[in-house]
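Asks: predicted structure and sequence below. I'll ask about it afterward.
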Amino acid sequence: MAGINYTEFSGRFKGLNPSPVYLFTGEERLFIDEGVRLVSARVLEDGIREFNCDILSATDIKSSNVISIAETLPVMTNCRVVVVKDIDSWASKEREGLISYINNPSPTTCLILTALKLDKREKFSSAIDKKGIIVLCQPLSKNQLGGWIKQEVKRSGKTINDDAVYMLADMAGSDMLTLRNDIEKLTLYCKDEKTISLNDVVKVSNAIRSVSVFEVVNSIFERRLKDAILALKRALDEGEPPVKIFYFITKEFRTMLKASLLIDGGESPDKAAIRSGVLPFKVREFSQRLKKFNRRELNSMFERLTDTESMLKGSAIKPAIVLEKLLLSVCGTGNPGSKS
């Protein structure tokens, strides 16, 4: 079961020849649902949808009934769509019941199947591989998110700044649905603008950190003490919780420590950055930042972060003072950077 990755499939879709059978399989439900809509819209573009589109669940139907529906002629158009979701809920023998149809599909039906996971060694998988198109819908790695975000924004006729891409990708984690919703809201919010900026992202996204938090992290790890303290004050004035600010500082530190360990193990700085989860277009900036800290300082910072966490949770000292002390301890050692 070779297949084609969803991002490649969606990018090439207009140039691909239509197939009588599609299988969308993988753990990224957003890509599966989008793929089904993409193919359905193409097939039913000039048709009467309500009479020519059947959406079925494999848990409620047998493969023999699917074949009967797929062999039904379309109404007032040239082709119909039959979608069968979650065919991995069928036993292997039940799926094999579709092989005869896959080998000789109806010329007036587009059969779209979905599954979380299938054994590529099955006869069923081999049949689709030969006669149809298998689309692999796996979650994107963090390093792939940036390119996907830019591609999605480009479809709306806009561009997006690298810092805005970084912030969206950084916060998305594995929640592609939230990321897609944020992109859709951004394109609507920036309808009169050609380029989406970092400030636009902050204003639109519900789950995003503020620009000030972003600046705190950048300033502290570039050892710009004055800028870090000013950004911290702005973030707190904007209502950002101290624990949230501390979380992002710790997150960046862990990335730097992981990259440092990989470099010590023989990796090049660029490869170490990417393996640590840094987006490709941020690698150079990250590598320059990492040079400002040696291993001894990174190890020492781990102790400072542990102490800071304890003080934020259980100390009578104001959180703002606790965080300021952390900024002073990090920015005030070693190479002070461009500002202090």
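Replies: Looks like it came in fine.
Asks: which phi and psi does P139 have?
Replies: Note on P139: its backbone torsions stand at phi -60, psi 150 [degrees, to the nearest 10].
Asks: next, count neighbours for it.
Replies: P139 is flanked by 16 other residues according to other CB atoms under 10 Å. (Glycine included, C-beta is placed from N, CA and C.)
Asks: E122 too?
Replies: Neighbour tally, E122, other CB under 10 Å: 15.
Asks: what sits against it?
Replies: S92, R95, E96 (CB atoms under 8 Å, 6 or more residues apart in numbering).
Asks: repeat that with 7 Å
Replies: S92, R95 (CB atoms under 7 Å, 6 or more residues apart in numbering).
Asks: check Q138 too.
Replies: Applying CB under 7 Å, 6+ apart, the residues contacting Q138 are G26, E27, E28.
Asks: will you turn those into JSON lines that also has distance to T255, neighbour count and secondary structure?
Replies: Below are the contacts of Q138 laid out as JSON lines (distance: CB to CB, whole Å; neighbours: other CB atoms under 10 Å; DSSP: H, G, I helix; E, B strand; the rest coil):
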{"residue": "G26", "distance to T255": "27", "neighbour count": "21", "secondary structure": "coil"}
{"residue": "E27", "distance to T255": "24", "neighbour count": "12", "secondary structure": "coil"}
{"residue": "E28", "distance to T255": "24", "neighbour count": "19", "secondary structure": "coil"}
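Asks: which among these gets closest to Q151?
Replies: Using CB to CB, E28 comes nearest to Q151 of the contacts of Q138, at 15.2 Å.
Asks: look up how far R223 lies from that closest one.
Replies: For E28, the distance to R223 (CB to CB, to the nearest Å) stands at 39 Å.
Asks: ok but K117 is inside a helix, no?
Replies: No. Using DSSP: H, G, I helix; E, B strand; the rest coil, the secondary structure at K117 is coil, not a helix.
Asks: give me every residue that touches it.
Replies: Per CB under 7 Å, 6+ apart, neighbours of K117: T25, D88.
Asks: can we start the residue count at 54 from this point?
Replies: Yes, from this point I'll number from 54; that puts the last item at K170.
Asks: next one: it from E81, what distance?
Replies: Taken as CB to CB, the span from K170 to E81 is 12 Å.
Asks: next: N157.
Replies: Counting by CB to CB, the gap from N157 to E81 is 31 Å.
Asks: where does the residue nearest to P192 when sequence neighbours are not counted land on pLDDT?
Replies: Distance criterion CB to CB, 6 or more residues apart in numbering; nearest residue to P192, sequence neighbours excluded, is E81 at 4.8 Å. Note on E81: pLDDT of 92.
Asks: separation between E81 and V255?
Replies: E81 is 26 Å from V255, by CB to CB.
Asks: likewise T240?
Replies: To V255, T240 is 16 Å away according to CB to CB.
Asks: quick one: residues contacting S179.
Replies: No contacts exist for S179 under CB under 7 Å, 6+ apart.
Asks: send the alpha carbons of the helix or strand harbouring it over as CSV?
Replies: In this structure, S179 sits in helix 176-184 according to DSSP states H and E. Provided in CSV are the C-alpha atoms of helix 176-184 (Å, rounded to 0.1, in the frame of the first residue of the first chain):
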residue,chain,number,x,y,z
LYS,A,176,-5.7,-8.4,-0.5
PHE,A,177,-8.1,-5.5,-0.1
SER,A,178,-5.3,-2.9,0.2
SER,A,179,-3.5,-4.4,-2.8
ALA,A,180,-6.6,-4.2,-4.9
ILE,A,181,-7.1,-0.5,-4.2
ASP,A,182,-3.4,0.2,-4.7
LYS,A,183,-3.8,-1.2,-8.3
LYS,A,184,-7.2,0.2,-9.3
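Asks: kindly point out the strands partnered with the following helix or strand past that helix and how each is oriented relative to it.
Replies: For helix 176-184, the following helix or strand on the C-terminal side (DSSP H and E) is strand 186-189. According to DSSP bridges, strand 186-189 forms sheet pairs with strand 57-58 (parallel), strand 74-78 (parallel).
Asks: so which of those comes closest to V218?
Replies: V218 lies closest to strand 57-58 among the strands paired with strand 186-189, at 20.0 Å (CB to CB).
Asks: how far away is M220 from K335?
Replies: If you go by CB to CB, the gap between M220 and K335 works out to 11 Å.
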